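K.L.:
sequence and predicted structure, then a few things I'm wondering about:
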Amino acid sequence: DVKVTQSSRYLVKRTGEKVFLECVQDMDHENMFWYRQDPGLGLRLIYFSYDVKMKEKGDIPEGYSVSREKKERFSLILESASTNQTSMYLCASTDRGNSYEQYFGPGTRLTVT
Amino acid sequence: AQRVTQPEKLLSVFKGAPVELKCNYSYSGSPELFWYVQYSRQRLQLLLRHISRESIKGFTADLNKGETSFHLKKPFAQEEDSAMYYCALRGNYGQNFVFGPGTRLSVLP
């Protein structure tokens, strides 16, 4: 059973703080994704990675960066958190050979005050 | 550009009634279409994809390339179908998905 875990379910940070969101998957998946989920907007892709040390910008990368030093771990970094980054953040992974199904983590609800 | 629209934010039906969640897309090639579902306090998960042509939990969806639609249907809604439903598209060559804004289905007793 695929397991995608995220480091925190709820996080409260102050404006200007550096924020790290961690995602770990245990199924040796090559592809990993970070989305933010907002009411009325659905899921929007922030960044994705097809392999270790590889990253590609998604639709809304501004204000975010990512790191993938190990295959199982994909980190999302908010360099200087702002209130408009208050959102639900979802991590997902897929297997390269069977990439039609995304496996999602439980989400991290980030509030920036 | 790839785009997915779901015109209804909220859809309420009574138990036993038919339900149709609408999804339209724009894409110049031949996309793959999916429906994902998120039940209360659960993770987002795949419900079905057009290629498999399966019926999952009584739901079906047919890809209509002429109308660029992929509507999700169920003849008799159940209370446990209440959830957030997202339509998603993936293009020919990418690994990325584009999600619609979602429709919240509420099945009333």
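P.N.:
Cool, the structure landed. Everything numeric in this text was worked out from a predicted model, so none of it was measured.
K.L.:
any stretches of chain B with poor pLDDT?
P.N.:
B:92-95 (pLDDT under 70).
K.L.:
now the strands for it?
P.N.:
B:3-5, B:10-14, B:19-21, B:24-26, B:32-38, B:45-49, B:60-61, B:72-74, B:83-90, B:97-99, B:103-108 (DSSP state E).
K.L.:
using CSV, lay out the ones you listed together with distance to chain A and mean neighbour count.
P.N.:
Quick note: C-beta positions are derived from backbone N, CA and C, even for glycine. Written out in CSV, the entries for those read as follows (distance: least, Cβ to the nearest Cβ, whole Å; neighbours: other Cβ atoms under 10 Å in any protein chain shown):
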stretch, distance to chain A, mean neighbour count
strand B:3-5, 8, 17
strand B:10-14, 11, 14
strand B:19-21, 13, 19
strand B:24-26, 13, 17
strand B:32-38, 7, 22
strand B:45-49, 5, 18
strand B:60-61, 14, 20
strand B:72-74, 15, 20
strand B:83-90, 6, 23
strand B:97-99, 4, 24
strand B:103-108, 9, 17
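K.L.:
can you lay out those as a markdown table showing distance to A:Ser87?
P.N.:
Conversion of the strands of chain B to a markdown table gives the following (distance: least, Cβ to Cβ, whole Å):
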| stretch | distance to A:Ser87 |
| --- | --- |
| strand B:3-5 | 19 |
| strand B:10-14 | 20 |
| strand B:19-21 | 24 |
| strand B:24-26 | 24 |
| strand B:32-38 | 15 |
| strand B:45-49 | 20 |
| strand B:60-61 | 28 |
| strand B:72-74 | 26 |
| strand B:83-90 | 15 |
| strand B:97-99 | 14 |
| strand B:103-108 | 18 |
